[in-house]
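Student: Could you work out the structure for the sequence below:
(2 chains)
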Amino acid sequence: MSINKNINESMDKIMDKNVKNVINGLIRDYTCGQLRTQNIGESVTLCGWVNKNRDLGGLQFIDIRDKYGLTQLSFANYKGDLNILKQISLESVIKVKGSVSARPKEALNTKMPTGEIEVLVEEVVILSKAKEPPFLPNSMTQATEELKLKYRYLDLRNKNLQDIITLRSNTAQKVRNFLIDCGFVEVETPILYKSTPEGARDYVVPSRVHPGRVYALPQSPQTLKQLLMIANTDKYFQLCRCFRDEDLRADRQPEFTQVDIEVSFLTQDYIKNLIESMMKMLFTVPSNFVLPVMDYKVAMEYFGSDKPDLRFSLPQINITDLFATSAFTNLQEVAAVVATASEGKGLIKAIFIPKSMGELSRKDADALKDVVAPFGLNGVYYFKVAGTAIAGATERSGGISKFIDGNIYQQIVERLRKAEEELQHFYSIFGHTNHSKNANGAASEEGMWFIVAHKNADATHASADVLRRALAQKFSIIKDFYAFLWVNNFPLFEYDQKEGRFYAKHHPFTAPHHLDEEKFFSNDHKLLSECRAEAYDLVCNGYELGGGSLRIFNPSMQEKMFQLLGLSEEQIKNQFGFFVEALQYGTPPHGGVALGLDRLIMLLCKSDNIRDVIAFPKTTSATDLMAQSPSAPSAAQIAELHFKWEN
RNA sequence: GGGGGCGUAGUUAAGUUGGUUAUAACGUCUGCCUGUCACGCAGAAGGCCGAGGGUUCAAGUCCCUUCGCUCCCGCCA
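Tutor: Predicted coordinates for the structure are as follows:
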């Protein structure tokens, strides 16, 4: 785990190092990470777990551990029966009384904060003898994920995980304080609520009192927070648990925590400014930090993703049209796929790696096919460029170079130049250098081009995105900083080709872009597809940290939205009737955002796994290995809940 | 729903083309050791090779099924 080193920086930023109120009544005097040379001579009582046992024959040591650190106990002056050491197994909890003593000069340990002292034990009490644990929390060898989850309480004894838990607690508190200082009110909304269609699958909860009916756990308190705006709450927030019964990922758990925010009488700028200040408070960022705004279209065009990682440059350029008449049929066929009402069009994208970053061997270049295989691509095409255009001597070789004639090549180079020109704003914010020109302004075109193509543009975008990140990793050009991004102007709808209907890209309460309202009411398929939303995402280092929108506050616009999504009058009435009615009694313009607290913590401690930031996480099949949950209901429960249970 | 990786002493791993008694490190146990801190030295115990079935004279190794963990695609408004 690289978390260990990385967490310190975040801890310094987030944690209040000094405990303000010391409450008396503990059975210890100091923690195991506290004693220093100034304590020498003091008689102290320490408590903790036995981390290590070292018996040198005539001299015995024990390292005692708690969440604050490690202290060496020496039994050199111990008057009692040393046979007690045989009873003190690893991970036992002991209490010792003794005097703090300086270590001999030759026995100082500079690697540990308490390494200049040791405690000469006078009394030792075994508070809780441990049997041999399945694994040692501080062992050199890491137990498997399965075992660590089954014995989560042992894994949590590890200082790194305890530090993350503390970091999480402090972060949550800072967020609360910040929002309250901005005039927000925290409101708790129900956990037992109502099923929401149009979203993720719900977790449902039956109840004894209502045969045949279920509550649903909230996927997000979306309608509730909007109702709070209608109810004159003005500025709402909540650190709330949300539930989604969908398949998991490394950054996704079935229950997760959201920083949920909603504000009345706002513009998008309010949310952006609020989030900008909040990120500045939480993260180590430059003092002149601003959230750069990127249009959704720009993100897709140059990065193939709505959450691009801008810790490195490597833009992608669209070169589809250049292969319309190519002799290379694989690319020509992709270029020939034109968009229809129900099908997307073919797309070919290219990424340039300048020679200064490095080169891939043919074997490594061929191996890139594994990276794009999940998206249905057979491989990544490539060619090399040597020499400079100024000298008039560019030479293309390898891969598909024989299909890249001088004319096509010139246009590819020109498009990279244009792309970097358009991205200049972001390049200067993030400190990226242009690769379409060298320092003298002369073209330096030496390097490798990688090309991905698929008849479905979405597959090309996704492949280009993973390829871009894989190349950045391969050439170690990912800089260590927080590349925040505010992506906006998302499309309002997504068209589902199989079902032949529109879905809300964000959710059905998102307002159409104020410049696109005519398109929204046009009843024209093409115009509706182009209609943008007043929606935005907070992105950092390739993660979607959160998203939000300005909401529809006009009842007829909301009804139009439901119609466009294909909901019948009946469905609207049953599922959203209360909400549509509420909109009719005077609704302020409002909007908000929701941030994933878990992902926020992941970024702060630079972990790439969400289980690291949750005390009791679930496996990727949504089970709890420790408690063996979920479990079968008892016969009594089945009867009481009026369930027909089939196996 | 689909695909990839992994599953071997308590733990982490090695195990060649299918071929004697399945190795090592840490942990455990026994003994020795006065400045260790990944202590050292000598020795011992410890195995349903995830489970079930098959191929074979012979299976940790090959095949099928299945379970668990993990990463990814779909999914996650």
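
Student: where's the residue nearest to residue A:376 when sequence neighbours are not counted relative to residue A:542, distance?
Tutor: Of all residues beyond its chain neighbours, the one nearest residue A:376 is residue A:459 (5.4 Å), with distances taken as C-beta to C-beta, 6 or more residues apart in numbering. For glycine as for every other residue, the C-beta is placed from the backbone atoms N, C-alpha and C. With the distance defined as C-beta to C-beta, to the nearest Å, residue A:459 ends up 19 Å from residue A:542.

Student: again, but for residue A:136
Tutor: Look at residue A:136 and residue A:542: by C-beta to C-beta, they are 35 Å apart.

Student: Tell me which residue of chain A is furthest from the middle?
Tutor: residue A:79 (54.8 Å; C-alpha atoms, centre = their mean).

Student: so what's that one up against?
Tutor: Shown in contact with residue A:79 (C-beta atoms under 8 Å, 6 or more residues apart in numbering): residue A:122.

Student: Just say helix, strand or coil for it.
Tutor: Secondary structure state of residue A:79, per DSSP: H, G, I helix; E, B strand; the rest coil, is coil.

Student: contacting residues for residue A:214?
Tutor: The contact partners of residue A:214, taken as C-beta under 8 Å, 6+ apart, are A:195, A:204-207.

Student: make it 7 Å
Tutor: With contacts defined as C-beta atoms under 7 Å, 6 or more residues apart in numbering, residue A:214 is in contact with A:204-206.

Student: Would you report which members of these are assigned to strands?
Tutor: Counting by DSSP state E, these place A:204-206 in strands.

Student: show me where the stretch 451-600 of chain A has helices.
Tutor: Taking DSSP state H, counting those that start in this stretch to define them, one finds helices in the stretch 451-600 of chain A at A:457-474, A:517-520, A:525-530, A:555-564, A:569-583, A:597-604.

Student: Of those helices, flag the one that's most buried.
Tutor: Comparing those on average neighbours per residue, with mean count of other C-beta atoms under 10 Å, the densest one is helix A:597-604 at a mean of 23.

Student: quick revisit: pull up the gap between the residue farthest from the centre of chain A and RNA strand B, please.
Tutor: Distance check for residue A:79 against RNA strand B: by C-beta to the nearest atom of the strand, to the nearest Å, it reads 13 Å.

Student: Over to residue A:149?
Tutor: In this structure, residue A:149 and RNA strand B are 6 Å apart, going by C-beta to the nearest atom of the strand.

Student: How confident was the prediction at the residue nearest to that residue when sequence neighbours are not counted?
Tutor: Of all residues not flanking residue A:149 in the chain, residue A:625 sits nearest, at 4.3 Å (C-beta to C-beta, 6+ apart). Reported pLDDT at residue A:625 in the predicted model: 95.

Student: list the buried ones in stretch A:97-106?
Tutor: A:97-101, A:103 (16 or more other C-beta atoms under 10 Å).

Student: Oops, could you answer that again for stretch A:107-127 instead?
Tutor: When neighbours are counted by 16+ other C-beta under 10 Å, the buried residues of stretch A:107-127 are found to be A:114-121, A:124.

Student: Columns distance to residue A:304 and secondary structure on top of those residues, output as CSV?
Tutor: Compiled in CSV, the buried residues of stretch A:107-127 are given as follows (distance: C-beta to C-beta, whole Å; DSSP: H, G, I helix; E, B strand; the rest coil):
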residue, distance to residue A:304, secondary structure
A:114, 51, coil
A:115, 51, coil
A:116, 55, coil
A:117, 57, strand
A:118, 58, strand
A:119, 59, strand
A:120, 64, strand
A:121, 62, strand
A:124, 62, strand
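
Student: List just the nearest of the residues you listed to residue A:444.
Tutor: Closest to residue A:444 out of those is residue A:115 (52.1 Å), distances taken as C-beta to C-beta.

Student: Touching, that closest one and residue A:107? I think so.
Tutor: No. Contact criterion C-beta atoms under 7 Å: residue A:115 and residue A:107 do not qualify, at 9.3 Å.

Student: sorry, back to before: now for the buried residues of stretch A:97-106: which two are most distant?
Tutor: For the buried residues of stretch A:97-106, and using C-beta to C-beta, no pair is farther apart than A:97 and A:103, which are 19.1 Å apart.

Student: quick one on the thing from earlier: what's the farthest-apart pair in the buried residues of stretch A:107-127?
Tutor: A:116 and A:124 (22.4 Å).

Student: ok, so of the buried residues of stretch A:107-127, who is nearest RNA strand B?
Tutor: When the buried residues of stretch A:107-127 are compared for distance to RNA strand B, the smallest value, 5.0 Å, is given by residue A:118; criterion: C-beta to the nearest atom of the strand.
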